[in-house]
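A.B. asks: Fold the following, please.
(one chain, ligands or ions: 1)
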Amino acid sequence: MAPVRNSFLVFGSPDIREEEIAEVVDSLRSGWLGTGPKVDQFEKEFKAYIGAPYAIALNSCTAALHLSMLVSGIGSGDEVITTPMTFCATANAIVHTGARPVFVDVERKTLNIDPDQIQKAITPRTKAILPVHFAGRPCEMDPILELAQRYGLLVIEDAAHCIEGWYKGKKIGNIGDITCFSFYVTKNVITGEGGMVTTHHESYADKIKMYGLHGMTKDAWKRFSDEGYKHYQVVFPGFKYNMMDLQAALGIHQLRRVEENLIRRNEIWKRYDEALAELPLTRPAPVEPYMIHARHLYTVLLHIDRIKKSRDQVLNELIRENIGTGVHYTALHLHPYYRQTFGYKPGDFPNAEYIGERTLSLPLSPKLTNEDVEDVIKALKKVLG
Ligand SMILES: Cc1ncc(COP(=O)(O)O)c(C=O)c1O
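C.D. replies: This is a model prediction of the structure:
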């Protein structure tokens, strides 16, 4: 039988327009490719969009998470509480500081960390809670902040999926101590690779800026500018985590369209909600009235027992229909490193494992045409019978 479409629909394909291309070309012509005026401008515009006093651009969200923990003094012997339903970068960044990632199971409904289960994971070694706003749905932050205050913990948010999100009248990026964003190529704002930190703490912001560029004193990147040569001093053996102007050139225009894209993402979301209602799958739960969902991933949970096919079978059959999908995620504690190093095993986090076996993310790029969306629906109907 002929596939539903003739050309392959790439999952998470970025929407790049002429303005991004012109801005990159402008950087190339100017000769200023590395960290420079465009990174400065992107930081200013991002800060204004979020409404946070400080924003520091870096070369990934992984770097943002790593530095956020380092500057807040997290290291060997410490514990950081996070979710097993996330990309490996979240927990890997904890490991890079020398601390131990302590997973707490998620809720089946929201796919976010279950605030009711956090308290029992807190020990005298716990230094921070690291919630992930999964798929763009803000975590229930009030109980997390309340626990953090009661036990003197930091809240570092992984908002890789949640640039557009709001929680109870507050924009994500203004709630915890430090928030980390990703501009990886499938994200809602892309720079190819890239990340950003926002915070209300000046001292964290200053340190992140320094630690992200070899630990050199502030504004070291300006040493080659026309402001006159500036000597720098190394105050910490930092990292090479700075964003390039070539990346910021993309981000500036991507960010300017983010709210317009959210309208399109909402349209696609609504169409999936209607069209998939009768299929053997669980659609994403509606968002609470006091939240704005960033609509990063439309993840369904397949009723694998009813359809008598595994998630991977469905995924492969969709590929044969020329529809690309994603898996977000296999529960992180089941990966060999986490099992072998921290002793995690199947059964530890039943909800994350349940989701990990059934989850499938459908294309949601604002670039999708209505026909593309209908093709996804048709293919799913065909494959799920
Ligand atoms: C939840 C989550 N956290 C962190 C990251 C890491 O982001 P980056 O690729 O920008 O380092 C990702 C990226 O896919 C992610 O999805």
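A.B. asks: Look up the pLDDT of residue 268 for me, please.
C.D. replies: In this model, residue 268 is scored at 98, pLDDT.
A.B. asks: which residues does residue 56 contact?
C.D. replies: Residues counted as contacts of residue 56 (Cβ atoms under 8 Å, 6 or more residues apart in numbering) are 43, 196-197, 205, 208-209, 212. Using the backbone N, CA and C atoms, a C-beta is placed for each residue, glycine as well.
A.B. asks: which other helices and strands contact the top helix by length along the chain?
C.D. replies: Selection of the longest helix in the chain by residue count, based on DSSP state H, yields helix 258-275. Under the contact definition 3 or more Cβ pairs under 8 Å, 6 or more residues apart in numbering; DSSP states H and E, helix 258-275 sits against strand 298-302, helix 370-384.
A.B. asks: In it, which residues are buried?
C.D. replies: Buried residues in helix 258-275, defined by neighbour count with 16 or more other Cβ atoms under 10 Å: 258, 261-262, 264-265, 268-269, 271-272, 275.
A.B. asks: Weed out the non-buried ones from the contacts of residue 56.
C.D. replies: Those of the contacts of residue 56 that meet the buried threshold are 43, 196-197, 205, 208-209, 212, by 16+ other Cβ under 10 Å.
A.B. asks: can you redo those as TSV with pLDDT, distance to the ligand and secondary structure?
C.D. replies: Formatted as TSV, the entries for those read as follows, by pLDDT from 0 to 100; distance: Cβ to the nearest ligand atom, whole Å; DSSP: H, G, I helix; E, B strand; the rest coil:
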residue	pLDDT	distance to the ligand	secondary structure
43	98	16	helix
196	98	9	strand
197	98	12	strand
205	97	19	helix
208	97	15	helix
209	95	18	helix
212	96	13	coil
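A.B. asks: can you tell me which residue is nearest the centre of this protein?
C.D. replies: Residue closest to the average C-alpha location in the chain (Cα atoms, centre = their mean): residue 160, at 1.6 Å.
A.B. asks: Got the domain ranges for the chain?
C.D. replies: 18-105+112-256, 258-384 (automatic domain parsing).
A.B. asks: quick one: the longest one to chain centroid distance?
C.D. replies: The gap between where domain 18-105+112-256 is centred and where its chain is centred comes out at 10 Å by Cα atoms, centre = their mean, to the nearest Å.
A.B. asks: End to end on it, go ahead and measure it.
C.D. replies: Taking Cα to Cα, to the nearest Å, the span from the opening residue of domain 18-105+112-256 to its closing residue is 14 Å.
A.B. asks: now do the shortest one
C.D. replies: Domain 258-384 has an end-to-end distance of 33 Å (criterion: Cα to Cα).
A.B. asks: Return the residues of the stretch 1-150 of the chain in contact with the ligand.
C.D. replies: Where proximity means Cβ under 6 Å from any ligand atom, the interface of the stretch 1-150 of the chain facing the ligand comprises 60-62, 86-87, 89-90, 132.
A.B. asks: which regions of this structure sit below the pLDDT cut-off?
C.D. replies: Judged by pLDDT under 70, the chain has its weakly predicted residues at 218, 220-221.
A.B. asks: Please enumerate the helices of it.
C.D. replies: Shown for the chain, the helices assigned by DSSP H span residues 18-30, 37-50, 61-71, 88-97, 141-151, 202-211, 245-256, 258-275, 304-307, 311-320, 336-342, 350-358, 370-384.
A.B. asks: okay, those, which one's buried deepest?
C.D. replies: Mean neighbour counts were compared across these using mean count of other Cβ atoms under 10 Å; the top stretch is helix 61-71, at a mean of 27.
A.B. asks: what does that helix rub up against?
C.D. replies: The set of residues external to helix 61-71 that reach it, using Cβ under 8 Å, 6+ apart, is 58, 80, 89-90, 92-94, 96-97, 99, 128, 130, 156, 158, 160, 178, 180-184, 195-197, 203-204, 207-208, 211-212, 239, 241.
A.B. asks: Just want the angle from it to helix 202-211.
C.D. replies: 120 degrees (axes from the mean of the first three to the mean of the last three Cα atoms, to 10 degrees).
A.B. asks: Nothing else from me, thank you.
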